[in-house]
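> How does the following fold in three dimensions:
(2 chains)
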2 protein chains.
Amino acid sequence: MEEEYTDNSEGYPDNAGENTDNSSEESLGFSENTVFIGKKPTMAYVFAVMTQFEKDAAEVMLKARGKSISKAVDVTEIVKNKFPDKVEVTGIQTSTEEMQSEDGKSLRVSAIEVRIARKDGS
Amino acid sequence: MEEEYTDNSEGYPDNAGENTDNSSEESLGFSENTVFIGKKPTMAYVFAVMTQFEKDAAEVMLKARGKSISKAVDVTEIVKNKFPDKVEVTGIQTSTEEMQSEDGKSLRVSAIEVRIARKDGS
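Presented below is the predicted three-dimensional model:
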């Protein structure tokens, strides 16, 4: 019972997703409309999600890891509560990602994916 | 777009669940085996979950809010990865809870529920 997940991850960097070798064994699947949650203020990600839907995206995927997971849930709840007739959460999945620390050690960090979809007819 | 969720919540107090008026509009439902995630180390909650399963619980519910949500996902992943043949995540739900600040203002905080169930036959 000595396993401890790292607290050092402050979430995805701003270029997350650009050159990823996504080796996660579990995933809700691919979405071209993925918003990676990082260090920006919560409302920046709320705005990013709404921008995707305004561009007629059928769904948007939020991805976060480490301490940013709480922020991803904030984004989810704000979007859901602002537009209850337009969008809904259709899937939430947690997983474990392996990271390399600066000294080359392998670290584990928890991650979350939230799939938010446009409601039919909205 | 001025809505901001509070960052002040450090999770449930240690007596959470003892006298709750649970007014959350969304919930995975009742479980007598609920572990409220608060300020203790992650492994304390991993141990609490495993203790419930050793007492023959069919399922354990994790509840967390605010910054403790990340810790709840860590607990979920550690339990899942340590006992992949015995337990599985059967539901994850996010919600918004209303809290009172010290000066009487109403604050919103995000919350998460994770349902972990014993696999059939284990």
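> how about the residues of chain A near chain B?
Proximity of chain A to chain B, by C-beta under 8 Å from any C-beta of the partner chain, involves residues A:1-5, A:42-43, A:46-47, A:66-70, A:73-74, A:76-78, A:80-82, A:89, A:92-96, A:108, A:110-112, A:114. In short, each C-beta sits where N, CA and C put it, glycine included.
> swap the cut-off to 7 Å and go again
A:1, A:3-5, A:42-43, A:46-47, A:66-67, A:69-70, A:73-74, A:76-78, A:81, A:89, A:92, A:94, A:96, A:110, A:112 (C-beta under 7 Å from any C-beta of the partner chain).
> So how do I select the buried members of those in PyMOL?
Of the residues of chain A next to chain B, the buried ones go into a single PyMOL selection, burial set by 16 or more other C-beta atoms under 10 Å in any protein chain shown:
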select buried, chain A and resi 5+42+43+46+47+66+67+69+70+73+74+76+77+78+89+92+94+96+110+112
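> How much space separates residue A:35 from residue B:80?
25 Å (C-beta to C-beta, to the nearest Å).
> So for these two, which sits in the more crowded spot?
Using other C-beta atoms under 10 Å in any protein chain shown, the more surrounded residue of residue A:35 and residue B:80 is residue A:35, with 26 against 19.
> surely that one meets residue A:48?
Yes. Assessed by C-beta atoms under 7 Å, residue A:35 is found in contact with residue A:48 at 4.9 Å.
> Tell me which helix or strand residue A:104 sits in.
Of the helices and strands defined by DSSP states H and E, none includes residue A:104.
> any idea how far it is from chain B?
22 Å (C-beta to the nearest C-beta, to the nearest Å).
> which residues of chain A score low on pLDDT?
Applying pLDDT under 70 to chain A flags the ranges A:1-4, A:7-31, A:121-122.
> so where do the helices sit in chain A?
A:42-54, A:68-82 (DSSP state H).
> Tell me who's in contact with the residue nearest to residue A:70 when sequence neighbours are not counted.
For residue A:70, ignoring the flanking residues on the chain, the nearest one in space by C-beta to C-beta, 6 or more residues apart in numbering or on different chains is residue B:69 at 4.2 Å. Contacts were defined as C-beta atoms under 7 Å, 6 or more residues apart in numbering or on different chains; by that measure residue B:69 touches A:69, A:70, A:73, B:110, B:112.
> Pick out the most distant pair among those residues.
A:69 and B:110 (10.4 Å; C-beta to C-beta).
> Hmm, residue A:71 is touching residue A:64, no?
Yes. Counting by C-beta under 7 Å, residue A:71 does reach residue A:64; the two are 6.4 Å apart.
> who has more neighbours, the two?
residue A:64 (29 against 25).
> Is that one bridged to anything, and to what?
Per DSSP bridges, the residues bridged to residue A:64 are residue A:112.
> how close does it sit to residue B:83?
Separation of residue A:64 from residue B:83 (C-beta to C-beta) stands at 25 Å.
> most centrally placed residue in chain A?
residue A:63 (1.4 Å; C-alpha atoms, centre = their mean).
> how close does it sit to residue A:114?
Taking C-beta to C-beta as the measure, residue A:63 falls 8 Å from residue A:114.
> which residues does residue A:75 contact?
Residue A:75 sits in contact with A:37, A:42, A:45, A:46, A:49, A:62, where contact means C-beta under 7 Å, 6+ apart.
> now those residues in JSON lines, with distance to residue A:55?
JSON lines is the format used below for those (distance: C-beta to C-beta, whole Å):
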{"residue": "A:37", "distance to residue A:55": "19"}
{"residue": "A:42", "distance to residue A:55": "21"}
{"residue": "A:45", "distance to residue A:55": "16"}
{"residue": "A:46", "distance to residue A:55": "15"}
{"residue": "A:49", "distance to residue A:55": "11"}
{"residue": "A:62", "distance to residue A:55": "16"}
